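K.L.:
got a predicted model here, sequence first, then my questions.
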Amino acid sequence: MSKKDVLEELLGDYLNDVLKCVRCGFCNSVCPTSNASFSYKDSKTSRGRIVLLQAKYNGVLQIPIESDEFQELIDICFGCRRCLEVCPASVRIPQVIWRAKSAGPMRLNKLLLANYGEFEKLGATFSPLSNLLVKSGFGRSILEAVAGIDQRAPFPTFHGSSLERYIRKRQGGAGSRGRLAYFIDVFTNYHEVDLGKKTVQLLEEMGYSVEAPRQKEAGTLALECGALDNAIKIARFNVDSFYESVRRGARIITTSPAAYVAMKIDYPELLGDEKSRIVADNTLDVIELLLNEYDGGVVGFVDQDDGEAVYHHSCFTKASHLTGHVKRLLDLAGYRLVEFEECCGVAGVWGLSKKHYEEAKEIGSKLFAKIVQAGLPVFSQSETCRLQLRHHTGTEVKHPLEGVLDRIRVRRT
Amino acid sequence: MSSYFRRVEDKDFDFLEKLCGSGNVSTAEEDLVTNAIDAQLGGFHKPEVVVWPENSEQVAEILSYADRNRIPVYPRGGGTGLTGTVPVYRGIVINLKRMNRIIEVDEDDMQVRVQPGMVYDNLNKELERYGLFFPPDPSSGASCTVGGMVASNASGLKAVKYGTTREYVLGFEAAFPKDGLLRLGTKTFKYSLGFDMVKMMVGSQGTLGVFTEISLRLRPLPESMATAASFFKSIVDANKTIYSIVRRGLDVAALEFIDRPTMDAISEFRNIKFPDAEAMLLIETHGSAKAAAEELERCISVVRENGGFEIWHATSKEERERLWAARKGAYPAVLKLGRYTLISDVIIPLSHLVESVNKAYEIGKKYGVRTSCMGHFGDGNLHVNWGTDGSVEDLHRANDELNRWVISIGGAVSGEHGIGTEKKRYMKLQHGVSFKMMLKIKKLLDPNFILVPGIIFELEDLLGTSG
C-alpha cells in the first residue's frame, strides 16, 4: 500500500479533516499543551500534529506513524477538545489524533487505561484493602511501574460499595414523573458514591424512578490512549443497554461531563447508527434536568446568598456545552461566581502519569495561583480536575451539585 | 535548488548548537516539516535545520555566520502567513517562538517594546490592564506574531480607522547580515529626519533583516464601541453605502462587507440565521458612549438611504462579540468552497469597489471556480475566495486575472497579507521602475542574498542586479 493508502485506512473519513486544515493555528491558541514552555517546537503543538499527518500524506515525512517516535509526538494531545470550539474548518482534531494513536503499539499501561473500568471495579471490590495499597509507598510504586501513574499524583479513595448497587437495591416501579436511567461512569460509581446517592434521593423526591442499567465506564481513557477497538466495544455495550431503557420510556441522566460527552457526542460518532443517535437524543445532564424542573415550578431554591465562589470551566464541560447551565444553577443557588477558564492540565489521567506529571503541573500553574489567591470555595464539574486542583492548591473543590443539592426544595411532584 | 547557496553541513549544526544550546537546534524530520509550510495553499519546503534562538545576539550571530558561509536564512513567526513565506532554498529557519516576551510597557509614553515571537492577542491581553491596545487586529490575531505582523505590514478589521501595523512601529532592533544588531527609530510619534528606515523595513518580509525587538505605539482602549449589521438586496447598494460612509468622512472603526456565499458559510459555522439578502455590512464606531452611538446612527442613515432593509444593533458586549465572531467565522467560506481554496488580498481604489465584486464573480465563472467575497471595504481591501474540487491551476488562473485587473485600475495585489512566494510574479508589474531600486536596496543590506531568498524577489533578479 502507498503511504496515502495507509493513512486513508487508518483515518478513514477523518483523512478529509486532516486535508482541510488550513494551518491557521487557531487551535494552538486554545490548546493547553501548545502553550506550555515545552511546546516551543511546532511539532509539539496542535497544528503541528495535523501538519505532521499532512506531511505523511504528501510523502515528505518518513517517520512511520506506528513508531514510538511518531507516537511520542501525538501523545502530547490529551483530548481536551478546546480546539473544536475555535477551528474555522471544523477539523475534528481529537478524533483524528485518537485514530493516529491507534496505530501505536499496545503496551501494558495502555492496556490498563483501555480497560480501566474493570480495574476500578476490582479496586472497589477489594476496598478497604485496595485503599491501603494505593496509599502505601509499595502500592504506588507498583501503580507507577504498571499503569504509569506518578507516585506524587493524587489517587481517589475507593468507596466500599458502588452507586450502581445502591440504585439497584432501591429500584422500584415507575415514579409519577417518569423513569431515569443513570449513566454513572466510574468516578461517581466507585469514588464519589455519596454525591450520586444524594442526587438519586433528590430525583426520587421529585417523583422520578431512578434505575442503573448494566453499564461500563464512559470509555474516555480508551479513546485518549488510542484503544479504539476497546472504545467501540464499550460504546456498543452502553448504547445497547441504555437503548433498552429508552425503549421502555426512560430518559438517560448523567452527572459526569465525560459520561455526557460520551453519550451525546462520542458514541454516535464511533458507532454511527440509529440506536446511538436515539440514546444521545434522550440523554441529559442532571443539571439540565434540575433547571428544566425549576423553570416548570417543580423545584425551587432556598433563598441564600453564599457570597463568591470560583467556577472552573473544565475542558469537558466546555466540550459538552453545559457551561451556561452549570453557571445558571450555581447562580440560582446563591453563589456569585468568579470564573476561571484555564485548563488544570490533568485531562483524565494524562497529568497524573509519571510521563506528564510535571508538564501538567506547568500547564495548570496559572490556574492554581489564581485559585490560591482567590481563597474562595471552588466548583468544577470534572472529576479529575477536582483531584488535580485539590492536589496542587490545597483547596476544597466540589462538583457543582455538591453545592446545590441541599438548597433545592421540591415544590410539587 | 540553486548551487549559489552552500548546503548546511555538520559543522554548521555544531556552530548553531554551541551558540543556542542543543535543545534549540534540530534537524529532526518532524521539526523540518512543521517549519516547511505556512497557511498558504502550497507544498512543503523543508529547511535543513531549525534553530530557536533565545536572544537578539544569537539571531545576529546566526545571520553573520550564514552570510559568511552563504547559507539561506528564513525567520519564522506564527507560521500563519497566507503567501508562502517558506524556505524555498532550504537552509536555516530561525524560529522566533522562544523570543516572545514583553520587554517593557512604557505607559506614560503609550508604547511597548516587545520581542518578535509574541502572539498578537496575547500582547493585547497584557496591555488591557494599562487601558491600552495595539490596534491592527488581523483575523489571525489568535496565532500570528508581532514580528510576522511587522514583517508583512499586517492589518485587518479596524484598519479603516486605526491604519496598518506600519503606523504603529516606532522603531526596532534588527539583525543584519553585514551590520550585526542595529537599533533604529525614535520614541516619538512624528519626526522629520531624512530617510525613514523604520517604515521601509515594515512589510519587507524578512528580505532586509530580522527583527529582534519592536517598539510599538499604542492607543487608549476606546471608552465605548457601537456595532450594527445591516443587509442589502443588492451588492451594488451595499457598496454604494460603503462609499458614501467613507466619502462623507464618517468616523467608522470597521466597515466590513460580506457577500451571500460567505453569509451562508457563517450561518453553517456559527448557527446564525441571516435575512434573505445578497450582502451584509458590519459597521462599528468607537469613542465615548454618546459619540459612538451618534456616529453609528449617522452610518445607519446612510444604510437606509441606500436600501439597507434590516438593521441588527448589538445592544450588549455579548451581542457585539457574537457579531464579530460571525465575521471572524467568515474564514470557513474559503474552506467550504472546495477541496482546494485560495484567498486573494487585493486592494481596490474606492471608486471601483462595486465593480470589483462583480468582476471577481465574472472571473470565477470564466474559470469554473466557486467564488465568494468579503473584505475590509472601508479601506478597499477585498478578499476574494476561490475554491474548486478540480484543478488547483484554475484557482491560480482566476486569481492571476483578478490581480492583473486590479493593478490595471491602480489597485494593489496585497492589502495586508504580503507578497511571499505567491505574488512575487507581480512585483515588476506592480512597482514599475521602483522595483529596480528595491533590488539595489536589498543588495546593499544583504549583498549575499542569504535573507529569505525566493520571497518577494526571484533569486535570479537579485543575482542580475548591478550597483
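P.N.:
All right, it came through fine. Numbers count the residues shown, from 1 in each chain, chains lettered A, B, ... in the order given.
K.L.:
contact partners for residue B:296?
P.N.:
B:226-228, B:283-285 (Cβ atoms under 8 Å, 6 or more residues apart in numbering or on different chains). Every residue, glycine included, has its C-beta placed from N, CA and C.
K.L.:
for the helix or strand hosting residue B:326, the averaged confidence score.
P.N.:
Applying DSSP states H and E as the criterion places residue B:326 in helix B:317-328. Average pLDDT, helix B:317-328: 83.
K.L.:
number of residues surrounding residue B:425?
P.N.:
14 (other Cβ atoms under 10 Å in any protein chain shown).
K.L.:
shouldn't it be within a strand?
P.N.:
No - assigned with DSSP: H, G, I helix; E, B strand; the rest coil, residue B:425 falls outside any strand and is helix.
K.L.:
ok, residue A:290 - contacts?
P.N.:
A:299, A:329, A:404, A:408.
K.L.:
domain ranges for chain A, per the record?
P.N.:
A:3-101, A:297-410 (automatic domain parsing).
K.L.:
now render these as a markdown table, adding mean pLDDT and distance to chain B.
P.N.:
Below are the domains of chain A laid out as a markdown table (pLDDT from 0 to 100; distance: least, Cβ to the nearest Cβ, whole Å):
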| stretch | mean pLDDT | distance to chain B |
| --- | --- | --- |
| domain A:3-101 | 93 | 3 |
| domain A:297-410 | 94 | 11 |
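K.L.:
closest one to residue A:132 out of the contacts of residue B:296, please.
P.N.:
Nearest to residue A:132 out of these is residue B:227 (Cβ to Cβ; 61.6 Å).
K.L.:
skipping its backbone neighbours, what lies nearest residue B:229 in space?
P.N.:
Once flanking residues are discounted, residue B:229 sits nearest to residue B:312: 4.3 Å by Cβ to Cβ, 6 or more residues apart in numbering or on different chains.
K.L.:
please read the previous query as pertaining to residue A:14.
P.N.:
Closest to residue A:14 by Cβ to Cβ, 6+ apart is residue A:96, at 4.9 Å.
K.L.:
does the one you found count as helix, strand or coil?
P.N.:
Reduced to three states by three-state DSSP, residue A:96 is helix.
K.L.:
what's the distance between it and residue B:336?
P.N.:
As for residue A:96, its distance to residue B:336 is 19 Å (criterion: Cβ to Cβ, to the nearest Å).
K.L.:
those two: which is more packed in?
P.N.:
residue A:96 (23 against 20).
K.L.:
is it true that the more buried one touches residue A:51?
P.N.:
No - the criterion here is Cβ atoms under 8 Å, and residue A:96 misses it with residue A:51 at 12.0 Å.
K.L.:
can you tell me what sits against the helix ranked longest in chain A?
P.N.:
Secondary structure of chain A per DSSP state H: the longest helix is helix A:228-247. Helix A:228-247 has contacts (Cβ under 8 Å, 6+ apart) with A:98-99, A:102, A:114-115, A:117, A:179, A:181, A:183, A:211, A:213-219, A:222-223, A:252, A:262-263, A:266-267, A:270-271, A:273, A:275-276, A:278-279, A:282.
K.L.:
just the strands in chain A please.
P.N.:
For chain A, the strands defined by DSSP state E occupy A:178-182, A:208-211, A:251-254, A:283-285, A:299-301, A:308-312, A:336-340, A:378-380, A:397-398, A:408-410.
K.L.:
if we can go back for a sec, let's have the domains of chain A in a markdown table, adding distance to residue B:210.
P.N.:
A markdown table is the format used below for the domains of chain A (distance: least, Cβ to Cβ, whole Å):
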| stretch | distance to residue B:210 |
| --- | --- |
| domain A:3-101 | 17 |
| domain A:297-410 | 29 |
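K.L.:
could you point out which of those sits nearest residue B:55?
P.N.:
domain A:3-101 (14.1 Å).
K.L.:
related to what we said a few turns ago, so which elements touch the helix holding residue B:326?
P.N.:
strand B:224-232, helix B:260-270, strand B:279-287 (3 or more Cβ pairs under 8 Å, 6 or more residues apart in numbering or on different chains; DSSP states H and E).
K.L.:
ok, which of these comes nearest residue B:78?
P.N.:
The nearest among those, by Cβ to Cβ, is helix B:260-270 at 22.2 Å.
K.L.:
would you mind writing the CA trace of the closest one as PDB?
P.N.:
What follows is helix B:260-270, C-alpha atoms only, in PDB (Å, rounded to 0.1, in the frame of the first residue of the first chain):
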ATOM      1  CA  ARG B 260     -24.200  35.800   0.300                       C
ATOM      2  CA  PRO B 261     -22.000  32.800  -0.100                       C
ATOM      3  CA  THR B 262     -19.900  34.000   2.800                       C
ATOM      4  CA  MET B 263     -23.000  34.600   4.900                       C
ATOM      5  CA  ASP B 264     -24.200  31.100   4.100                       C
ATOM      6  CA  ALA B 265     -20.900  29.700   5.400                       C
ATOM      7  CA  ILE B 266     -21.100  31.800   8.500                       C
ATOM      8  CA  SER B 267     -24.700  30.500   9.100                       C
ATOM      9  CA  GLU B 268     -23.500  27.000   9.000                       C
ATOM     10  CA  PHE B 269     -20.500  27.500  11.200                       C
ATOM     11  CA  ARG B 270     -21.900  29.900  13.800                       C
END
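K.L.:
list the contacts of whichever residue of the stretch 251-400 of chain B sits closest to chain A.
P.N.:
Residue nearest to chain A within the stretch 251-400 of chain B (Cβ to the nearest Cβ): residue B:331, separated by 4.0 Å. Contacts for residue B:331 (Cβ under 8 Å, 6+ apart) come out as A:22, A:24, A:88-89, B:139.
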